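**Q** quick one: sequence and predicted model below, then my questions.
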Amino acid sequence: MVPLLVALLFLCLGAEAVDRSNFKTCEQSSFCKRQRELKPGQSPYRALLDTLELSDSRITLQLINDNNKVRLLLELYRLHGNMTRVKINELKPLKPRYEVPDVLITDPPTEPMTLVAQDENGLVLSLGVDEQRVIVSARPFRLDIVEGPTVLLSLNSRGLLTFEHLRLRKDTISHKITSTVGSMWDSIKSVFSSKHDADAEDGGGSENAEQAEDEDEQAVKEEEDKPGMWEETFKTHSDSKPNGPSSISLDFSFPGVDHVYGIPEHADTLKLRNTDGGDPYRLYNLDVFQYELHNLMALYGAVPVIISHNTERTMGIFWLNAAETWVDISSSTAGKTVFGKMMDFVQGSSEVPQTDVRWISESGIIDVFVLLGPTPNDVFAQYASLTGTQAFPSLSTLGYHQCRWNYNDKEDVKTVDEGFDKHDIPCDFIWLDIEHTDGKRYFTWDPHKFAQPKEMLQGLMDKKRKMVAIVDPHIKVDSGYNINNEIRSKSFYVKTKDGADYEGWCWPGNSGYPDFTNPEMRAWWASKFAYDQYEGSMENLFIWNDMNEPSVFNGPEVTMHKDALHGSWEHRDVHNIYGLYVQKATSEGLIQRSGGVERPFVLTRAFFAGSQRYGAVWTGDNAAEWGHLKISIPMCLSLGLVGISFCGADVGGFFKHPSTELLVRWYQAGAYQPFFRAHAHLDTPRREPWLFGPDNTALIREAVRQRYALLPFWYQLFYNAYRTGQPVMRALWVEYPKEPATFVIEDEYLLGKDLLVHPVTDEGAKGVTAYLPGKGEIWYDVHTFQKHKGAQNLYIPVTMSSIPVFQRGGSIISRKNRVRRSSTCMENDPYTLYVALSPQGTAEGEIYIDDFHTFNFEKEKQFIHRHLHFSDNTLSSNNLAPDSNFSTAAWIEKVIIMGATQPTSISLIAADGTKSAVEFEFDSAASVLTLRKPGVNAGADWTVLLQ
């Protein structure tokens, strides 16, 4: 009966399109509604300048709300690497407010600030970099970060700072006692108060210490209760809100900025749009079946980072808060009156744009990091210094993944595995969804369909392939299930507001939800992946964490009740970080099972800032529609901008059945996105890549083979992302920040800085128009080697076999053109170097090699990292890591030079100085020079001379 009920519930949830009524709008979210009702320009907050304290690491300053006399503590830090941190909390909260742990990789190092000037109106602090100053205005409180005469960023310039203080409910005994005592104290004080006190209060510019103490002792002025402050109902669900209203808000203004990006996850445009007149962007991890496109509704993950960009500067804001968050974006013209705008129109002057961003969170504190750039790569490095970089994946995970809900049994897996060999299509992973378990009990196998999992895994290992199995964070409530019994006995489940184990409905039926915010719970979870604990697992089995928003089918908005308890904290405080903790614990389990040797692979659906450290993400339950293929590009580009590079979308679409044209085009696009996995819903027809006729099989085969040939390049890009925080898949403006034509492009992208990809995403397309950036640059079609100038829109005729990809002139890219059944089979195969000459006849690139799967590159410095350089008709390979220690059997098989002229002879000078001739041929029509079998080891020093 239980599985039937769950199936019926799933059918209700997974109708033709998302049921918007299951999810709140801002108007239905009481704190969002309250905050949005506030009008700009009426800030009650004032800085008490006499409370300023300056130390080597920070300054502190009290703020007071003149309406209710509640005091806040402002902490301001100058951080190493051109960042500023602003924290605001209640000075004396009724109880501690939640501050997000485990996201920052370290306590960010600080640098001293100096007080430059101070008067009754405010103060000026030096940030010590390029005339950077922080100006704090007292009344109303406002903070501006300036560089010379230029305002870079303003906080509370619109006066929308709000901090709902924790308070006692009016109808409680505690409140009545506190109110009575407060009223008596007010009466006594009014008798003895002096004219001097009144004058000081009215002056507002500065207060003496005695008056500050007096104000601290005053009872907070009563505020009128509004609907939703102390309890809230959505549909049939009620939220008890025992702590009352606790929301926070702060506005930021970017003068001169018209383009902002980030705050994934939304199925929307790359450039964030103006939210005036509609709902804000919502950040609240939710299980949204068959999500709508171009909608600002919350999806599965939330990264509270916004990046601003114009031709002069790139900056970022990282809002470290894990509660439900709404983000309003308003574009306006900075500092213009109506008359001023009229004069601009008459005189033809250009307006100065401005973008205002307002963050609204339900609880916690204000903890914001301002990333001052000034370049895109600076912002990426700054954010990475706070939250870490993309985990460096093993090479095999960059190959092709075959998945569906579900492969039926061990024989089905074997048939699919053999199908790839029969049709000569490379594949590294086969995936198992929830049906592989014994009754949706994770860490188990169906005793009939998968009775001998190790035999199945060994069969894949013999082919040098691997498997991923799903392990979700909802646990079947079943007294015969040891995982449930252990969690219950250790009291590791999330609790209800009344202290019982929280239970809700998910795939197994009635389920418990482990409290992953508890480090002891996470350690226990990690231990369950040991080979002697996860029966049937082997070293080629990896993990998929789905449904970790968390998904609760019968919960409010298909998730957990906000008043559920994680220790002393409510779920409302921690909601958006829950999924990160699930992936973190799973990843640590996979590392521990190998004794810390092997790199893990964990795919997660829910994510937060810092999730990049633990594996890959995908864009969730998409549909087999052209619009979903298109939207996968800006969705992954947005994730890359905020540190999460290992992103992909379900190839073919999860829901519905794609046409053969759509499926082929999706394979072609997916082959050039970081995470490359096909996946499909239980109710869709089978769609392994050989089921659509020989012509379509050949097209898909070619797309997958292009992916595998480029694996050395992908691997090097992920190594770079791991080292620097730079995204693998990049918006064009990241590399061409002064080229406004790139600022809104979202139908093409760069891989690193050297490959430009424009997938075909329109049905029946006969051609695409690609923008090739860079005035004075050239781009080469990677298939034909035809040369094109930069800074132009290029129309490209396409057929069903076309995947428009261009290599930047001035780059060197390595490939392996001997494509085999899996990436592991190709590890020692030879490299081909593709040298694309710039107009100046130069090019450079890198090659990175290690053992492709362990942490020895990091722990033992076992890797090869080479710099490839071409200039003055000389191609050379030099060691970028002389202290590393690794050897490879791979060698350089071929060098292809695009944009070349014909030499008379070519010679190779080896590391020992020996010189030998190199065979070559020259295609004068294409200006392509091919060097055959230089024969040098890929890890050696060598030089090739063209004469």
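**A** It's in.

**Q** where do the helices sit along the stretch 751-900 of the chain?
**A** 856-859 (DSSP state H, counting those that start in this stretch).

**Q** show me where it has its strands.
**A** Per DSSP state E, counting those that start in this stretch, the stretch 751-900 of the chain carries strands over the ranges 755-757, 767-772, 778-781, 787-789, 792-797, 805-808, 811-815, 831-836, 843-849, 864-871, 874-879, 892-898.

**Q** quick one: mean pLDDT over the fifth one.
**A** Summarised as a single mean, pLDDT over strand 792-797 is 98.

**Q** next, the buried residues of it.
**A** L794 (16 or more other CB atoms under 10 Å). All C-beta spots, glycine's among them, are computed from the backbone N, C-alpha and C.

**Q** pLDDT weak spots in this protein?
**A** 1-16, 172-222, 333-350 (pLDDT under 70).

**Q** after the strand or helix carrying G504, next one along is what?
**A** Using DSSP states H and E, G504 sits within strand 503-506. Later in the chain than strand 503-506, the nearest helix or strand by DSSP H and E is strand 509-512.

**Q** can you give the distance of that following strand from its chain's centre?
**A** 30 Å (CA atoms, centre = their mean, to the nearest Å).

**Q** residues contacting M83?
**A** Neighbouring residues of M83 by CB atoms under 8 Å, 6 or more residues apart in numbering: P108, F369, V370, L371, L372, Q382, S385, L386.

**Q** kindly indicate the member of these with the most neighbours.
**A** L371 (27 neighbours; other CB atoms under 10 Å).

**Q** what about the nearest residue to V728 once chain neighbours are set aside, how many residues close to it?
**A** Closest residue in space to V728, ignoring its immediate chain neighbours: S645 at 4.1 Å, by CB to CB, 6 or more residues apart in numbering. S645 has 28 neighbours, counted by other CB under 10 Å.

**Q** ok, S645 touching F718?
**A** Yes: under the criterion of CB atoms under 8 Å, S645 makes contact with F718 at 7.0 Å.

**Q** which residues do the two both contact?
**A** What both S645 and F718 touch, as defined by CB under 8 Å, 6+ apart, is the set Q390, P674, V728.

**Q** measure the second one to L603 for me?
**A** P674 is 12 Å from L603, where distance means CB to CB, to the nearest Å.

**Q** show me what contacts G256?
**A** Here G256 is in contact with N310, E312, A334, V352, P353, Q354 (CB under 8 Å, 6+ apart).

**Q** what about the last one, is that helix, strand or coil?
**A** With DSSP: H, G, I helix; E, B strand; the rest coil as the basis, Q354 sits in strand.

**Q** helices or strands up against whatever helix or strand M467 lives in?
**A** Taking DSSP H and E as the criterion, M467 maps to strand 466-470. The contact analysis (3 or more CB pairs under 8 Å, 6 or more residues apart in numbering; DSSP states H and E) places strand 466-470 against strand 429-432, helix 453-462, strand 541-545.

**Q** out of these, which comes closest to P140?
**A** strand 541-545 (45.3 Å; CB to CB).

**Q** okay, the closest one in CSV with CA atoms only?
**A** In CSV, the C-alpha atoms belonging to strand 541-545 read as follows (Å, rounded to 0.1, in the frame of the first residue of the first chain):
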residue,chain,number,x,y,z
LEU,A,541,31.1,2.3,-7.2
PHE,A,542,30.4,6.0,-6.7
ILE,A,543,27.5,7.9,-5.3
TRP,A,544,24.6,10.1,-6.3
ASN,A,545,22.8,12.2,-3.6
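
**Q** tilt between it and strand 466-470?
**A** Going by axes from the mean of the first three to the mean of the last three CA atoms, to 10 degrees, strand 541-545 is angled at 30 degrees with respect to strand 466-470.

**Q** just the contacts of M83: which are in strands?
**A** Of the contacts of M83, the ones assigned to strands by DSSP state E are F369, V370, L371.

**Q** let me know the closest of these to I897.
**A** Of all the ones in strands among the contacts of M83, I897 sits closest to L371, with 39.8 Å by CB to CB.
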